[in-house]
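Student: I'll drop the sequence and a predicted model, then ask my questions.
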Amino acid sequence: MADILAKLKQSILDFDEDVALEAAKEAVAEGLDPVEAIGSLAEGLNELGEAFEKMEVFLPEIMLASDAFKAALEVLEPELKKRHTEGEKAIPVVIGTVQGDVHQVGKDMVATFLTTAGFDVYDLGVDVAPSRFLEEAKKVGAKIIAAASLMSTTRPVQKDLIDFLEAKGVRNNYLVFVGGGVVTQDWADEIKADGYGQDAIATVELAKKLLRVA
Ligand code: B12
């Protein structure tokens, strides 16, 4: 078991999609906890992020690593879904990464975990304008709008989103969740977001708590 977790993490550090896929399939075959398996992938990507900051690896490698992450996540996702407790009301959630920001992996993880917890997730992808969040939220009757930002240059767009909802007179119709690498609880408080999720699991717990879902 520990071997497979280490292999998952290493596959990301080696930006090796083939090995990531192989390890994910092994994890499924061995009945490993998919949450742990995804956690190992995330550990790998976070470590790679640190190496990126020290300029020990470069963007092309990071792109390969995130592709490997996404491929492995697809294999593990059905396992997560099997653990989903039936009978919960599917509450619509709109999620996306804010305008100007193309980071996808963490947002995808949150979307996956929310989906497997029974939420009805509408993923708008990356580079999403405030108006697009609202348009989709209205369309699907969302209860939560969740906005990711990974860069200090795009974090202000989370505030723009909240200001936009205020300006349209619909702020109270939605719980706004914010998260992503550069986001903190202090920032969430400052912009009067309804929730901050440090990671995917915390985000699901918060969503359940605020919406009083069991
Ligand atoms: C992978 C990556 C990329 C990939 C993204 C590929 C993809 N498809 O996603 C690529 C190579 C494209 C990329 C590009 C760039 N990147 Co980049 N990237 C990263 C890296 C290494 C990892 C991010 C990641 O996926 N982490 C793993 C996931 C699992 O973690 P996470 O995203 O934090 O998500 C978790 C939580 O935050 C939370 N969460 C996430 N989203 C949400 C949303 C909500 C609503 C909630 C509640 C919670 C939540 O739950 C997640 C799961 O637990 C980070 C380094 C780092 N330390 O973060 C840099 C980093 C984010 N990138 C950075 C930069 C600067 C760039 C570029 C500008 C580089 C360039 N010079 O071109 C471009 C940006 C282009 C753009 N306009 O967006 C900087 C940002 C610096 C800053 N503070 O502003 C970082 C921090 C690296 C650095 N130190 O320089 N990048």
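Tutor: Ah, there it is. Numbers count the residues shown, from 1 in each chain.

Student: Tell me where the model's unsure across this protein.
Tutor: 84-89, 214 (pLDDT under 70).

Student: cutoff 80 now
Tutor: In the predicted model of the chain, residues 1, 81-89, 212-214 satisfy pLDDT under 80.

Student: can you name the farthest residue from the center of it?
Tutor: For the chain, the largest distance from the centre (CA atoms, centre = their mean) belongs to residue 169, which lies 27.6 Å off.

Student: So that one: helix, strand or coil?
Tutor: coil (DSSP: H, G, I helix; E, B strand; the rest coil).

Student: Please tell me how far it sits from residue 134.
Tutor: Separation of residue 169 from residue 134 (CB to CB, to the nearest Å) stands at 11 Å. Glycine gets a C-beta too; all of them are placed from N, C-alpha and C.

Student: Over to residue 25?
Tutor: Residue 25 is 40 Å from residue 134, by CB to CB.

Student: Compare these two and say which is more crowded by neighbours.
Tutor: residue 134 (20 against 14; other CB atoms under 10 Å).

Student: That one against residue 168, yeah?
Tutor: Yes: using CB atoms under 8 Å, residue 134 is in contact with residue 168, at 6.5 Å.

Student: Please work out which residues outside the top helix by length along the chain touch it.
Tutor: Within the chain, and with DSSP state H defining each element, the longest helix by residue count is helix 59-82. The contact list for helix 59-82 (CB atoms under 8 Å, 6 or more residues apart in numbering) reads 8, 11-13, 15-17, 19-21, 23-25, 27-28, 34-35, 37-38, 41-42, 44-45, 48-49, 52, 104-105, 108-109, 112-113, 115-116.

Student: neighbours of residue 47, just the number please.
Tutor: Neighbours of residue 47 (other CB under 10 Å): 15.

Student: quick one, what contacts it?
Tutor: Residue 47 neighbours (CB under 8 Å, 6+ apart): 9, 13.
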